[in-house]
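>>> can't give you the sequence, but here's the structure:
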């Protein structure tokens with residue numbers, strides 16, 4: 001019996017190192033695949049960090065640009081027209097000063113108009129609700145003030161007291177307009 005076992009071990013002996021090599025190679029390959037997967041995940045995370053860094057940098061640049069004082073055409077004309085006669089410079093200056101005023105008033109006029117129309121609409125709804133509820137103003141107020149009104153109020157307050165609050169609450173980027181994660 002010992003002779004048979006010795007013969008089998010003698011026959012299988014040269015294959016043992018090759019089997020050990022195959023086993024080690026399989027372990028090395030598994031390790032390499034795991035390392036490559038971790039490197040791919042790290043590269044993806046690094047890419048997302050770079051994208052976030054670029055978005056933050058763009059947000060800062062955008063805020064700095066928005067906070068810069070606007071150049072006045074009238075003042076630029078006065079600076080450029082030092083040698084021009086006064087009868088030409090003065091009307092042109094007043095024309096561009098008026099245009100600067102009109103340009104500066106576009107956004108406030110649009111904003112005040114939208115807010116005014118909103119309040120007119122809400123007042124009309126409130127008036128109708130009072131007539132339908134028999135003069136009970138509390139019930140009329142409860143029926144006219146909706147979830148959308150709360151959202152509008154909160155987003156307006158957040159905008160005026162910090163646009164970053166809105167971005168953190170709803171996500172997104174001022175640069176791309178796409179919703180972001182956070």
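In hand now; what should we look at? Being a predicted model, the structure only gives us computed values, none of them experimental.

>>> what's stretch 78-85 in contact with?
The contact list for stretch 78-85 (CB atoms under 8 Å, 6 or more residues apart in numbering) reads 88-89, 92-93. Using the backbone N, CA and C atoms, a C-beta is placed for each residue, glycine as well.

>>> as CSV, those with secondary structure and neighbour count would be great.
Below are those laid out as CSV (DSSP: H, G, I helix; E, B strand; the rest coil; neighbours: other CB atoms under 10 Å):
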residue, secondary structure, neighbour count
88, helix, 11
89, helix, 17
92, helix, 15
93, helix, 19
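
>>> dump those to TSV, plus pLDDT and distance to residue 7.
Supplementary listing: these in TSV, determined by pLDDT from 0 to 100; distance: CB to CB, whole Å:
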residue	pLDDT	distance to residue 7
88	77	118
89	77	116
92	80	113
93	80	113
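
>>> and the residues you listed, which is closest to residue 144?
When the contacts of stretch 78-85 are compared for distance to residue 144 (CB to CB), residue 93 wins out at 49.9 Å.

>>> who are the contact partners of the closest residue to the closest one other than its chain neighbours?
Once flanking residues are discounted, residue 93 sits nearest to residue 74: 4.8 Å by CB to CB, 6 or more residues apart in numbering. Counting by CB under 8 Å, 6+ apart, residue 74 makes contact with 93-94, 96-97, 100.

>>> which of those residues count as buried?
93, 96-97, 100 (16 or more other CB atoms under 10 Å).

>>> nearest to residue 28 among those residues?
The shortest gap between residue 28 and any of those belongs to residue 100, at 72.6 Å (CB to CB).

>>> surely the closest one meets residue 76?
No. If you go by CB atoms under 8 Å, residue 100 and residue 76 don't touch, sitting 10.0 Å apart.

>>> so how far is residue 22 from residue 30?
Look at residue 30 and residue 22: by CB to CB, to the nearest Å, they are 13 Å apart.

>>> residue 161 now?
68 Å.

>>> helix or strand for the residue nearest to residue 93, which one?
helix 73-80 (DSSP states H and E).

>>> kindly report the same for residue 118.
helix 86-133.

>>> can you name every helix or strand that that helix contacts?
Secondary-structure packing of helix 86-133 (3 or more CB pairs under 8 Å, 6 or more residues apart in numbering; DSSP states H and E): helix 73-80, helix 137-144.

>>> CSV for those helices, including mean pLDDT?
Compiled in CSV, these are given as follows (pLDDT from 0 to 100):
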stretch, mean pLDDT
helix 73-80, 74
helix 137-144, 85
